[in-house]
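Novice: quick one, fold the following:
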Amino acid sequence: MTAPHIVDPASVLAEALSDASPDLMRSLLQTMINVG
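Specialist: Numbering: from 1, shown residues only. From the prediction side, this is the model:
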């Protein structure tokens with residue numbers, strides 16, 4: 001039996017942010033700050 005493929009949330013997030021527009025990154029960061 002093989003182990004399931006484990007996705008690293010941090011690497012997925014980093015990859016998504018690297019592809020995202022600066023405006024999206026800024027919006028996401030602002031949202032995280034407001035929620036925190």
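
Novice: which residues in this protein form helices?
Specialist: Shown for the chain, the helices assigned by DSSP state H span residues 9-19, 22-35.

Novice: the longest one vs helix 9-19, what angle?
Specialist: What separates the directions of helix 22-35 and helix 9-19 is an angle of 140 degrees, with axes from the mean of the first three to the mean of the last three C-alpha atoms, to 10 degrees.

Novice: relative to residue 32, how far out is the residue nearest the centre of the chain?
Specialist: The centroid of the chain falls nearest to residue 13 when counting by C-alpha atoms, centre = their mean (2.1 Å). Going from residue 13 to residue 32 by C-beta to C-beta, to the nearest Å gives 11 Å. No exception for glycine: its C-beta is placed from N, CA and C like everyone else's.

Novice: what's the answer for residue 10, then?
Specialist: Shown here: residue 10 relative to residue 32, a distance of 14 Å by C-beta to C-beta.

Novice: next: residue 5.
Specialist: Residue 5 is 27 Å from residue 32, where distance means C-beta to C-beta.

Novice: the more surrounded of these two?
Specialist: The neighbour count for residue 5 versus residue 32, taken as other C-beta atoms under 10 Å, is higher for residue 32 (9 against 5).

Novice: so what's residue 14 scoring on pLDDT?
Specialist: In the predicted model, residue 14 carries a pLDDT score of 78.

Novice: count of residues packed around it?
Specialist: By other C-beta under 10 Å, the residues close to residue 14 number 11.

Novice: and if you look at residue 25?
Specialist: Using other C-beta under 10 Å: residue 25 sits among 13 other residues.

Novice: surely it meets residue 19?
Specialist: No - between residue 25 and residue 19 there is no contact under C-beta atoms under 8 Å: 10.1 Å.

Novice: residues in contact with stretch 11-22: which ones?
Specialist: Contact with stretch 11-22 is made by 25, 28, as judged by C-beta atoms under 8 Å, 6 or more residues apart in numbering.

Novice: pLDDT below threshold where in the chain?
Specialist: Counting by pLDDT under 70, the low-confidence segments of the chain come to 1-3, 20, 36.

Novice: can you do 90?
Specialist: The model of the chain has pLDDT under 90 over residues 1-29, 31-36.
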